[in-house]
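Novice: coords please:
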Amino acid sequence: MFEKLFSVDEYAQRIRDVKLRMETNGFDLIICQDPSNMYWLTGYDGWSFYVPQCVLVHLDEDWPFWFGRAQDAKAAEVTTDLPIENILPFSEALVQHPNRHPYDELSDFIRSKAWNNQRIGVEMDAHYYTARCHRTLVIALPNARIRNNHDLVNWARLIKSDKEVGLMRDAGRIASNAMNSGISKIHAGVPQNKVIAEIYRSQISGVENCGGDYTSLCPLIQVGEGTSTPHLTWSDAPLPEDELVMIEIAGVRRRYNVPLTRTVHLGKPPKSILNLANIIVEGVDKGLEVAKPGNTCEMVEAAWQAVLNRNGIVKESRVGYSIGVGYPPDWGERTCSLRPGDQTELQVGMCFHFQSGVWLEDLGCAVSEPFVVGEQGGERLCNVRRELIVIDWTRNEDCTFLHRWLKRIHSRWVAIALSWRTHLYTINWVVGDKLFHAAQPQKLFQSRNLPHCDRALFLCAAVGSGRPD
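Specialist: Reported below is the predicted structural model:
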């Protein structure tokens with residue numbers, strides 16, 4: 001039995017709100033092809049957005065209409081409370097047909113309801129509302145006044161209900177856990193794809209009593225100079241020593257997406273990068289203080305920008321955007337942004353991703369914070385260390401002690417250090433004054449009964465001279 005997320009009454013309230021917006025903006029009918037809007041209006045949920053589909057809302061109809069592929073009509077019955085007569089499947093023969101289009105049959109339905117000369121709003125910026133969809137409607141309904149509805153439903157989604165905020169907090173817990181899991185895999189020599197695989201595992205596993213869902217955007221990872229641009233994905237290349245790594249991911253609970261970014265440095269970081277991270281964190285803190293009801297989006301950005309400017313930095317791109325329900329390829333709601341000129345007034349229940357990345361010529365750094373607007377300011381949805389996260393054996397108190405001790409040993413002696421972190425081992429060699437790192441030999445030590453600890457367990461042995469192969 002499919003667990004429906006919201007009550008019929010909540011969906012009815014959403015429809016009433018949308019109809020008021022339609023009247024204000026001069027629409028009799030809106031056609032919503034954005035899968036996030038379809039979900040928010042009806043509860044419809046299925047991986048069917050690769051073919052034309054939509055939800056229709058008309059001022060004179062009590063219920064919306066679902067229109068989609070015939071083999072997906074059962075999914076509409078299962079996931080929504082729509083009356084069966086409001087589920088409109090199009091012919092399977094029209095799927096990816098070279099000459100005919102599903103919106104031919106949608107136009108037939110609109111004519112059958114005598115709506116073909118009315119004011120119709122469409123989602124011109126929706127990812128899946130194609131040029132062919134629009135052209136088919138315009139040709140088939142020549143007397144209709146078809147125009148962009150300017151993301152009318154997206155704006156109706158902006159203020160979250162208490163239950164929606166609860167889902168966002170659940171998604172934040174999943175994102176936090178997934179980020180920490182990914183960071184635990186980051187060591188020199190570990191392939192990028194292994195880090196991402198751990199993140200995927202954690203995203204779907206979720207947290208206690210709260211399973212995860214697929215995200216609207218795949219995990220992003222940038223390494224070294226790649227951190228100077230934000231939207232690269234992974235390869236199977238091993239992570240280098242003494243380098244920056246940036247990760248942007250999300251946690252998702254029942255289609256509610258909460259994104260999060262953190263930056264990691266392998267080895268001792270340069271002071272300039274540490275300073276940049278500290279400036280970013282300070283700017284976010286100032287921005288969240290301003291994110292109160294009655295203030296505007298641009299005021300939040302101005303508070304953040306002031307911290308950057310005071311330190312000689314300027315960020316030209318927006319610093320945040322609204323979040324909530326999301327489907328691929330994006331988790332943003334396409335409404336308000338934290339940037340100059342956006343006069344949207346903040347209200348309790350709005351949710352944003354404070355994407356505080358600074359991308360310079362050769363490197364970048366981001367310590368982002370998703371948040372919900374509360375009475376006292378922005379309330380964080382995630383809980384992951386808010387700093388440049390440094391993975392450096394020389395910073396480990398135990399390793400530093402061992403390193404000092406080994407310097408008193410003849411250089412022909414070699415120390416082997418085994419580190420236990422979240423069920424995975426790391427092996428390092430210390431020869432004289434030098435510390436060498438190797439990939440994680442999980443299988444080699446699977447049968448060893450070693451204690452759990454957050455720092456390290458050191459086993460020292462004389463194994464001959466030079467670095468082991």
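
Novice: what about the helices in the stretch 51-200 of the chain?
Specialist: 73-79, 102-112, 131-140, 152-156, 162-184, 192-205 (DSSP state H, counting those that start in this stretch).

Novice: actually the stretch 201-350 of the chain, sorry about that
Specialist: Under DSSP H, counting those that start in this stretch, the stretch 201-350 of the chain gives helices at 271-290, 297-310.

Novice: mind putting the ones you listed into TSV with mean pLDDT, mean neighbour count and distance to Val252?
Specialist: Bear in mind the C-beta positions are built from the backbone N, C-alpha and C, glycine included. Formatted as TSV, these follow (pLDDT from 0 to 100; neighbours: other CB atoms under 10 Å; distance: least, CB to CB, whole Å):
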stretch	mean pLDDT	mean neighbour count	distance to Val252
helix 271-290	97	19	22
helix 297-310	97	20	24
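
Novice: what's the closest of those helices to Lys160?
Specialist: Closest approach to Lys160 among those is made by helix 297-310 (16.1 Å; CB to CB).

Novice: quick revisit: generate CSV for the helices of the stretch 51-200 of the chain, with mean neighbour count and mean pLDDT as supplementary columns.
Specialist: What follows is the helices of the stretch 51-200 of the chain, written out as CSV (neighbours: other CB atoms under 10 Å; pLDDT from 0 to 100):
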stretch, mean neighbour count, mean pLDDT
helix 73-79, 18, 97
helix 102-112, 19, 98
helix 131-140, 16, 98
helix 152-156, 22, 98
helix 162-184, 22, 98
helix 192-205, 19, 98
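
Novice: mind checking those for the one nearest to Phe371?
Specialist: helix 162-184 (9.2 Å).

Novice: now render the helices of the stretch 51-200 of the chain as JSON lines, adding distance to Thr215.
Specialist: Shown next, in JSON lines, are the helices of the stretch 51-200 of the chain (distance: least, CB to CB, whole Å):
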{"stretch": "helix 73-79", "distance to Thr215": "19"}
{"stretch": "helix 102-112", "distance to Thr215": "28"}
{"stretch": "helix 131-140", "distance to Thr215": "26"}
{"stretch": "helix 152-156", "distance to Thr215": "19"}
{"stretch": "helix 162-184", "distance to Thr215": "9"}
{"stretch": "helix 192-205", "distance to Thr215": "6"}
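
Novice: low-confidence ranges in the chain?
Specialist: The model of the chain has pLDDT under 70 over residues 393-469.

Novice: can you give me the domain boundaries for it?
Specialist: Segmentation of the chain into domains, based on automatic domain parsing, reads 8-156, 162-390, 393-460.

Novice: ok, Val314 - how many residues close by?
Specialist: Applying other CB atoms under 10 Å, we find 8 residues neighbouring Val314.

Novice: ignoring the adjacent residues along the chain, who's closest to it?
Specialist: Leu308 (6.5 Å; CB to CB, 6 or more residues apart in numbering).

Novice: let me know which of the helices of the stretch 51-200 of the chain is the nearest to Cys32.
Specialist: Per CB to CB, nearest to Cys32 of these: helix 152-156, 5.6 Å.

Novice: so for Val384, which of the helices of the stretch 51-200 of the chain sits nearest?
Specialist: It's helix 162-184; of the helices of the stretch 51-200 of the chain, that one is closest to Val384 (CB to CB) at 5.0 Å.

Novice: give the other helices and strands that that closest one contacts.
Specialist: Packing partners of helix 162-184 (3 or more CB pairs under 8 Å, 6 or more residues apart in numbering; DSSP states H and E): helix 192-205, strand 243-253, strand 256-266, strand 320-327, strand 369-374.

Novice: how about that helix as CSV, C-alpha atoms only?
Specialist: Output in CSV follows, covering the C-alpha atoms of helix 162-184 (Å, rounded to 0.1, in the frame of the first residue of the first chain):
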residue,chain,number,x,y,z
ASP,A,162,4.8,22.6,9.2
LYS,A,163,4.8,19.0,7.8
GLU,A,164,6.9,20.1,4.8
VAL,A,165,9.4,21.8,7.1
GLY,A,166,9.6,18.5,9.0
LEU,A,167,10.4,16.7,5.8
MET,A,168,13.1,19.2,5.1
ARG,A,169,14.7,18.7,8.5
ASP,A,170,14.6,14.9,7.9
ALA,A,171,16.3,15.5,4.5
GLY,A,172,18.9,17.7,6.3
ARG,A,173,19.7,14.8,8.7
ILE,A,174,20.2,12.5,5.7
ALA,A,175,22.4,15.1,4.0
SER,A,176,24.5,15.6,7.1
ASN,A,177,25.1,11.8,7.5
ALA,A,178,25.9,11.4,3.8
MET,A,179,28.4,14.2,3.9
ASN,A,180,30.1,12.9,6.9
SER,A,181,30.2,9.4,5.3
GLY,A,182,31.8,10.8,2.2
ILE,A,183,34.4,12.8,4.1
SER,A,184,35.4,9.7,6.0
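
Novice: possible to save the helices and strands packed on helix 162-184 as TSV with distance to Leu276?
Specialist: Shown next, in TSV, are the helices and strands packed on helix 162-184 (distance: least, CB to CB, whole Å):
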stretch	distance to Leu276
helix 192-205	23
strand 243-253	10
strand 256-266	9
strand 320-327	18
strand 369-374	16
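
Novice: looking at those, spot the one closest to Ser337.
Specialist: Closest approach to Ser337 among the helices and strands packed on helix 162-184 (CB to CB): strand 320-327, 4.9 Å.

Novice: so which elements touch the closest one?
Specialist: helix 35-42, helix 162-184, strand 256-266, helix 297-310, strand 330-338, strand 351-354.

Novice: and that strand with helix 162-184, angle?
Specialist: Relative orientation of strand 320-327 and helix 162-184, computed by axes from the mean of the first three to the mean of the last three CA atoms, to 10 degrees: 100 degrees.

Novice: so which bits of strand 320-327 are buried?
Specialist: For strand 320-327, the neighbour count (16 or more other CB atoms under 10 Å) marks 320-327 as buried.

Novice: repeat that for stretch 66-75.
Specialist: Residues of stretch 66-75 classed as buried by neighbour count (16+ other CB under 10 Å): 66-69, 72-73, 75.
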